[in-house]
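**Q** Mind folding the following:
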Amino acid sequence: MTSPTPLTGPAGPLTPDAAPNGAGPSPLAGGVRQPLRRRLLLGHWTPVALLLILAAGLRFSGLSAQSFWLDEGMTVFFINLPLDRLLQVTFVQEPNPPLYYLLLWVWVHAFGEGEAAIRALSALFGTLCIPVTFALASDLGGRRAGWLAALAALASPFLLWYSQEARAFALLAFLAALLLYLTHQATQSPRRRLLAVWALTAALTCYTHIYGAFAVGACTLALLVAGRARIDWRAGTAVIPVALFAPWMVATLIQSAAARGWRAPVGPDELVARALATVAHNEVFPDPLGPLAVLVLGGAALIGLASTRRSSAWLLGLNIGVPLLCAYGLSFFKPIFAERYIIPIAIPLYVAAAIGMTRLAGRLRGLDVAAGIAVVALLVSALAAWQQPRFEKENFRAAADRVIQSATTDDVVVFVAEFTEHPFEYYYHGPGQLVGFFGDHKDPGPFLTPIIGKASTVWLLESHWDRYDPDHNVRRWLEDRYPLVTEAFPQGIHLRAFRVRSQVDAPPSTARPITASYGGLMLTSVEFPESTSAHDEHLHPPSGWLPVTMYWQAVARLPTNYKLVLDLADARGVWGRSLLREGDLFAKVPTSTWTPGQTMIESTDLNLNPATPPGRYILQLAVLDEQGNPVTGEQRGTPLNGPLTLGEVEVRG
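**A** Coordinates of the predicted model:
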């Protein structure tokens, strides 16, 4: 009886201790060959470890560079609630599930509530997306596809941006990618323990964001059509996250039905175009580079889906198409689509595109290397573009700092959109009262009158007014009644102060006495900073402003109305001048109506030339009559030959 012919390879018979193609001992062999296995695994993951370190560096650096914006302010508000109240709010008020808030609640109790600490949780999950992307792409398209996909996820302006934001999107991207990887593993080997982990991950994904349910739906379809698991196990696995998420889904639907929509509906072509542009470059590239990036990503992804195994194509295709289809379907019920919501499709798109690029590189040598270089160029472009004002978030930090400079205990800060109080409150540690506007924006008087009745100054913060007060009725109500004190325009915010009580008994002790008279009008004292900057990139870019407050007294009935002009000057000329405002005191309450003996407060801002050289400058005042002619004043009985010097101001570089 003849013995069976042994299987052979190019280097001879294949034995249990020999690897194919004569590559040496198998890394799976036991005994003395285990160190070799470890070396091979180390070589396999070393490039990924380097990418992971680079990803962490990019995501954890500059976490406090920008202010919290509205949504991040809501996050801070939620995590400062007691735990039971947090769960209640996410069930009856907040439309998104509570997982991210619960994790962040624990996180801040360990690491603090600074900006960097709060955003660091998102940076962590954003970093963890990289090894998951590598593992998934390597399994589906080989190691070169794994490296290219991991590099794309690392450098993605979309993923990087939301890895530095205190919202749930980095967590959503990570869990959706992990679920996608587990789905792939389950379709290959549907073990019960693996399916249990899949069900848990699916439930966590649902509890991260409502759009996470779309990613779970895509993975569920992929699991059900795989055909490798028994139908009872597949069905049971799919039912678990649905059952766990059902209470919050019902609550979300009830809330959404009662809430008013705040976004316009989108058509399918617009939705896909916006989604692809966001995933490709997140508005970093202008035309024509932006559409070109979309074309390259979309084309490479289609090639990847067409050239990979059928099961892999279904897996990736479902996880790209189903969330988009569900987002479009949801828009018929409630138009709440925003590009950041579709972050679960980013990693499957990068994986499909990486597979497509490596397939093309088989015919066009070096194409995958060129794609890697292009990805790095995209990252560099994003880091440069994010320094531009269009990428600056709503600057509640600058708004709070400006109010702190001037507010007193009698001041009130009113927020036209009530929720904008939360990000402002995070930064504000000054005196006064913070009040969200909960009245009728079309008729603000009944709400404002009792609130500001005892206030000396009302600060009005307008942000997201297009949704709440598009006609600026609250601002107009204040403008019609009170003089304007100052204004500032941080990114996404209009900040104005109105003087409710323009008459005082006497100037404060902090004011600088400076007696000068212009007929029956006397300047008694003045307040202004001793130093300022010619530049300001946050409140009113590019110019710095110098706030000046003057205390005037009518010593006799004034026959005419006066106007004021303040200059900041030196021997070379004028470098700053007061802004002409129709709503200041002298315009709102003309001097001819003043009662003798009244002390009135007038505040104005000098707009500085941003090119003003550092040095000391003279702050001077001129009083004009109604025709714009200078009024001659006197100081201590001596006529003034020209403007009145109020003091010196140092302009910093």
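**Q** quick one, phi psi at residue 273?
**A** Dihedral pair for residue 273: phi -60, psi -40, per degrees, to the nearest 10.
**Q** quick one: it from residue 390, how far?
**A** Counting by CB to CB, to the nearest Å, the gap between residue 273 and residue 390 amounts to 19 Å. Yep, even glycine has a C-beta here, placed from its N, CA and C like the rest.
**Q** Check the gap between residue 142 and residue 308 for me.
**A** From residue 142 to residue 308 the distance is 10 Å (CB to CB).
**Q** Looking at these two, which is more packed in?
**A** residue 308 (22 against 15; other CB atoms under 10 Å).
**Q** On the pLDDT front, check the more buried one for me.
**A** At residue 308, the predicted lDDT confidence score is 91.
**Q** contacting residues for the residue nearest to it when sequence neighbours are not counted?
**A** Setting aside the residues directly before and after it, residue 308 is nearest to residue 355 in space (CB to CB, 6 or more residues apart in numbering), at 5.4 Å. With contact set as CB atoms under 8 Å, 6 or more residues apart in numbering, residue 355 has these partners: 137, 140, 141, 145, 149, 303, 304, 305, 307, 308, 312.
**Q** May I have stretch 239-247 exported as CSV, CA atoms only?
**A** What follows is stretch 239-247, C-alpha atoms only, in CSV (Å, rounded to 0.1, in the frame of the first residue of the first chain):
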residue,chain,number,x,y,z
VAL,A,239,-32.7,42.1,19.2
ILE,A,240,-30.6,42.8,22.3
PRO,A,241,-29.5,46.4,21.4
VAL,A,242,-32.9,47.2,20.1
ALA,A,243,-34.5,46.1,23.4
LEU,A,244,-31.9,48.0,25.4
PHE,A,245,-32.3,51.2,23.4
ALA,A,246,-36.1,51.1,23.1
PRO,A,247,-36.8,53.3,26.2
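**Q** What distance do you get for residue 211 to residue 71?
**A** To residue 71, residue 211 is 15 Å away according to CB to CB.
**Q** The two: which is more packed in?
**A** Legend: neighbour count by other CB under 10 Å for residue 211 and residue 71, higher for residue 211 (27 against 18).
**Q** Tell me if I'm right that the more buried one and residue 323 touch.
**A** Yes: using CB atoms under 8 Å, residue 211 is in contact with residue 323, at 6.5 Å.
**Q** So for the two, which residues contact both of them?
**A** Joint contacts of residue 211 and residue 323 (CB under 8 Å, 6+ apart) are 342, 344.
**Q** quick one: the helices in the stretch 351-500 of the chain?
**A** For the stretch 351-500 of the chain, the helices defined by DSSP state H, counting those that start in this stretch occupy 367-385, 396-406, 421-427, 445-452, 465-468, 473-479.
**Q** With respect to burial, which of the ones you listed scores highest?
**A** For the helices of the stretch 351-500 of the chain, average neighbour numbers computed from mean count of other CB atoms under 10 Å are highest in helix 421-427, which has a mean of 23.
**Q** tell me which strands and helices it is in contact with?
**A** helix 70-79, helix 396-406, strand 412-415, strand 433-436 (3 or more CB pairs under 8 Å, 6 or more residues apart in numbering; DSSP states H and E).
**Q** got TSV for the ones you listed, with mean pLDDT and distance to residue 351 too?
**A** Shown next, in TSV, are those (pLDDT from 0 to 100; distance: least, CB to CB, whole Å):
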stretch	mean pLDDT	distance to residue 351
helix 70-79	95	28
helix 396-406	96	37
strand 412-415	97	44
strand 433-436	96	44
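**Q** quick one: residue 101 from residue 508, how far?
**A** Relative to residue 508, and taking CB to CB, residue 101 is found at 44 Å.
**Q** what about the two, which has more around it?
**A** Legend: neighbour count by other CB under 10 Å for residue 101 and residue 508, higher for residue 101 (22 against 12).
**Q** what's near enough to touch that one?
**A** 75, 78, 79, 86, 90.
**Q** looking at these, which has the most residues close by?
**A** Most crowded among the contacts of residue 101, counting by other CB under 10 Å, is residue 75 at 25 neighbours.
**Q** does that one really touch residue 167, like I thought?
**A** Yes: Residue 75 is within contact range of residue 167, at 6.2 Å (criterion: CB under 8 Å).
**Q** of the helices of the stretch 351-500 of the chain, which approaches residue 546 most closely?
**A** helix 396-406 (12.0 Å; CB to CB).
**Q** so what does that closest one touch, helix or strand wise?
**A** Counting contacts by 3+ CB pairs under 8 Å, 6+ apart, helix 396-406 packs against helix 421-427, strand 457-462, strand 484-488, strand 494-499.
**Q** Just put those in JSON lines and tack on mean pLDDT and distance to residue 576.
**A** Formatted as JSON lines, these follow (pLDDT from 0 to 100; distance: least, CB to CB, whole Å):
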{"stretch": "helix 421-427", "mean pLDDT": "97", "distance to residue 576": "28"}
{"stretch": "strand 457-462", "mean pLDDT": "97", "distance to residue 576": "24"}
{"stretch": "strand 484-488", "mean pLDDT": "96", "distance to residue 576": "15"}
{"stretch": "strand 494-499", "mean pLDDT": "97", "distance to residue 576": "20"}
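**Q** Rebuild these as CSV, extending it with distance to residue 632.
**A** Output for the helices and strands packed on helix 396-406, formatted as CSV (distance: least, CB to CB, whole Å):
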stretch, distance to residue 632
helix 421-427, 46
strand 457-462, 33
strand 484-488, 29
strand 494-499, 29
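**Q** could you list every residue that touches residue 70?
**A** Residue 70 neighbours (CB under 8 Å, 6+ apart): 394, 417, 419, 420, 422, 423, 463, 464.
**Q** Need the buried ones from these selected in PyMOL.
**A** The following PyMOL line selects those of these that are buried, judged by 16 or more other CB atoms under 10 Å:
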select buried, resi 394+417+419+420+422+423+463+464
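**Q** Now flag whichever of the contacts of residue 70 is closest to residue 439.
**A** When the contacts of residue 70 are compared against residue 439 (criterion: CB to CB), the nearest one is residue 417, at 12.5 Å.
**Q** quick one: the closest one and residue 505, what's the gap?
**A** 36 Å.
**Q** re the thing from before, more neighbours, residue 273 and residue 390?
**A** residue 273 (14 against 8).
**Q** Give me the spatial nearest neighbour of that one, chain neighbours excluded.
**A** Residue 273's closest residue in space is residue 294 (CB to CB, 6+ apart), at 7.6 Å.
**Q** who touches the closest residue to residue 381 other than its chain neighbours in this structure?
**A** Closest residue to residue 381 apart from its sequence neighbours, by CB to CB, 6+ apart: residue 284 at 5.4 Å. Residue 284 makes contacts with 157, 290, 378, 381, 382, 385, as judged by CB under 8 Å, 6+ apart.
**Q** from these, which two are the most distant?
**A** That would be 290 and 382, which, of those, are the farthest apart (CB to CB) at 12.3 Å.
**Q** which neighbours do the two share?
**A** Shared contacts of residue 290 and residue 382, defined by CB under 8 Å, 6+ apart, comprise 281, 284.
**Q** With distance to residue 634 as new columns, can the helices and strands packed on helix 421-427 be given to me in CSV?
**A** Output for the helices and strands packed on helix 421-427, formatted as CSV (distance: least, CB to CB, whole Å):
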stretch, distance to residue 634
helix 70-79, 53
helix 396-406, 31
strand 412-415, 39
strand 433-436, 43
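**Q** Can you check which of those gets nearest to residue 645?
**A** So among the helices and strands packed on helix 421-427, helix 396-406 is nearest, using CB to CB, at 23.8 Å.
**Q** Compute the inter-axis angle for that closest one and strand 484-488.
**A** Interaxial angle, helix 396-406 versus strand 484-488 (axes from the mean of the first three to the mean of the last three CA atoms, to 10 degrees): 150 degrees.
**Q** Give me the contacts around helix 396-406.
**A** Residues outside helix 396-406 that contact it (CB under 8 Å, 6+ apart): 67-69, 73, 411, 413, 420, 423-424, 426-430, 432, 457, 459, 461, 463, 485-486, 488, 490-491, 493, 495, 497, 538-539, 547.
**Q** Next, the angle strand 494-499 makes with that helix.
**A** 20 degrees.
**Q** Tell me the buried residues within the contacts of helix 396-406.
**A** For those, buried by 16+ other CB under 10 Å: 67-69, 73, 411, 413, 420, 423-424, 426-428, 430, 432, 457, 459, 461, 463, 485-486, 488, 490-491, 493, 495, 497, 538-539, 547.
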